[in-house]
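Engineer: Next comes the sequence, and after it the predicted model I'd like to discuss.
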Amino acid sequence: MSTGSTLKSGRARAMGDRVQALCERNRQAGHAAWCGLDYDFVSPSGGTYPFQWFWDSGFHAITLSHLDPARAVAELRSLLANQQPDGFVAHVTFWQRERYQALLATYSIAYRTPYLSDCIQPPVLGESLEQVVRRGGGEQALHELLPKTRRFFDWLDRVRDPDRDGLVATLQPDESGLDHTPKYQEYLGVTRVLDAEFTAAWERVAAAWRAVGRDPARMFARAAFVVEDVLVNTIYALGEQALARLCAEAGDAAGAAEFVTRAERTRRALVEKCYDRQAGLFFDLAGHQEQMLRVNTVSSLMPLALPELPAEIAARLIAHLEDPEEYAAPYPVPSVAMNEPSYTPGVCGERMVWRGPTWMNTNWYLWRGLRAHGRPDLAERLVDRSASLVEGQGFREYYNPSSGEGHGAHDFSWTGIVLDMLAQD
């Protein structure tokens, strides 16, 4: 693997060398007898997460596109290799399950098969494919992977949006990737911030889904946990926009027009249904009544990443980012507003996450939003602070917004997305 020409500054080249070594340390490649397929991907963290996770791989592919386009294509090819006949793509593929039986006992995951989970994660795949195609994947990646990616987005549209409002729903907390975020706490019936309380709440949801055979229509009817999540749907809209451009490039004008329409429907629904004008923030919608989950978390800022977001709404979100009481921490952007009672900047419990620390992937989205909405000054500061975290603490899963201390898994691969920020800054 050789560092590509996209890395123009000395800081970006130095980070590229570090990310390259990280990707080699966490690389998993081989042949899986259970499905008769080869695989080649970067695991989230070799010691903690040795399998292939959906949205992690999306970020890994974007990072690899700066370093080795062929590896970036292989990442997405492996992710999509076991796509199901209905278009579903699992949030975890357990390529080497037998090697990690003891580790599996620590996971709380619903399985579609012994080697595939029965859950989703935020659909970063659309944008990942676009960046891989643009940075060297070319027509081969476009024609090989676009049909599979479209089928997954069609599955989301068909199965996860039963009310046809353009917003897809998550059916358990970890499908958003945000796991223990305080925005779900009241909805889940969690009254104390304890690992055991969250585990019990998750088991209540899992038991309800088992009782209906994990059939999506029956799950929506029962509504033990149904959330139209702002973070998930922002990423969904961005993915639909990317697919519109890729379909046009592939010569499919009808497909491009369809995804333009779908992306606009999702964007409009986010603004019309999820935006609280008084608070100047976006909030998730829960249950059949679409109750707003009014907790100020980084999800509330995520639509800033949408270039078409109305200027007055973008300005309100940026004001929250600049507020030292909320998100303007020394090492931004905290995953919960600092003036929320639930804000916890460091480790919480044995393994409760997304309750305050800074994560690199949400920084990446907000950095893009700042650039899109005319604040290159804040975008530049966010890049600098993000890179300094890695330079000082290494590739950690998340960081303390006040001290910069790294926490969670070591050698956490998606933190390498900071390379994309440096390369384009």
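Structural biologist: Yes, it's here. Residues are numbered from 1 along each chain as shown.

Engineer: who's in contact with stretch 312-330?
Structural biologist: Contacts to stretch 312-330, defined as Cβ atoms under 8 Å, 6 or more residues apart in numbering, come from residues 271, 275, 280-281, 296, 298, 300-301, 303-304, 309, 332-334, 337-339, 358, 366, 369-370, 373, 375, 378, 385, 401-404. (C-beta placed from N, C-alpha, C; glycine too.)

Engineer: if we go to 7 Å?
Structural biologist: 271, 275, 280-281, 296, 301, 304, 333-334, 337-339, 366, 373, 375, 378, 401-402, 404 (Cβ atoms under 7 Å, 6 or more residues apart in numbering).

Engineer: Report the buried members of those.
Structural biologist: Burial by neighbour count, judged by 16 or more other Cβ atoms under 10 Å, picks out 271, 275, 280-281, 296, 301, 304, 333-334, 337-338, 366, 373, 375, 378, 401-402, 404 from these.

Engineer: excluding its backbone neighbours, what's nearest residue 267?
Structural biologist: residue 237 (5.0 Å; Cβ to Cβ, 6 or more residues apart in numbering).

Engineer: got the contact list for that neighbour?
Structural biologist: 263, 266, 267, 270, 306.

Engineer: from those, which ones fall inside helices?
Structural biologist: Mapping the contacts of residue 237 onto helices (DSSP state H) picks out 263, 266, 267.

Engineer: which of the residues you listed has the most neighbours?
Structural biologist: residue 266 (25 neighbours; other Cβ atoms under 10 Å).

Engineer: I'd assumed residue 234 was in contact with it.
Structural biologist: No - look at residue 266 against residue 234 with Cβ atoms under 7 Å: they stay out of range, at 8.6 Å.

Engineer: Helices of the stretch 201-350 of the chain, start to end?
Structural biologist: Under the criterion DSSP state H, counting those that start in this stretch, helices of the stretch 201-350 of the chain are mapped to 216-222, 230-249, 253-269, 311-322.

Engineer: mean confidence for stretch 415-425?
Structural biologist: Average pLDDT, stretch 415-425: 94.

Engineer: before we move on, what about stretch 146-163?
Structural biologist: 98.

Engineer: now do stretch 34-50
Structural biologist: Mean predicted confidence for stretch 34-50 is 95.

Engineer: which of the residues in it are buried?
Structural biologist: Quick answer for stretch 34-50 (16+ other Cβ under 10 Å): 39, 40, 41, 42, 43, 44, 45, 46, 48, 49, 50.

Engineer: Of these, which pair is most distant in space?
Structural biologist: 40 and 48 (20.2 Å; Cβ to Cβ).

Engineer: quick one: low-confidence parts of the stretch 51-200 of the chain?
Structural biologist: Counting by pLDDT under 70, the stretch 51-200 of the chain contains no low-confidence residues.

Engineer: So which residues of it form helices?
Structural biologist: So, for the stretch 51-200 of the chain - with DSSP H, counting those that start in this stretch - the helices run 54-64, 69-80, 101-104, 125-132, 138-159, 185-188, 195-211.

Engineer: Output those in JSON lines; the columns should cover distance to residue 412 and mean neighbour count.
Structural biologist: JSON lines is the format used below for the helices of the stretch 51-200 of the chain (distance: least, Cβ to Cβ, whole Å; neighbours: other Cβ atoms under 10 Å):
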{"stretch": "helix 54-64", "distance to residue 412": "9", "mean neighbour count": "28"}
{"stretch": "helix 69-80", "distance to residue 412": "16", "mean neighbour count": "23"}
{"stretch": "helix 101-104", "distance to residue 412": "16", "mean neighbour count": "10"}
{"stretch": "helix 125-132", "distance to residue 412": "18", "mean neighbour count": "26"}
{"stretch": "helix 138-159", "distance to residue 412": "25", "mean neighbour count": "18"}
{"stretch": "helix 185-188", "distance to residue 412": "25", "mean neighbour count": "18"}
{"stretch": "helix 195-211", "distance to residue 412": "21", "mean neighbour count": "15"}
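
Engineer: would you turn the ones you listed into JSON lines with distance to residue 6?
Structural biologist: JSON lines is the format used below for these (distance: least, Cβ to Cβ, whole Å):
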{"stretch": "helix 54-64", "distance to residue 6": "11"}
{"stretch": "helix 69-80", "distance to residue 6": "11"}
{"stretch": "helix 101-104", "distance to residue 6": "35"}
{"stretch": "helix 125-132", "distance to residue 6": "11"}
{"stretch": "helix 138-159", "distance to residue 6": "15"}
{"stretch": "helix 185-188", "distance to residue 6": "41"}
{"stretch": "helix 195-211", "distance to residue 6": "41"}
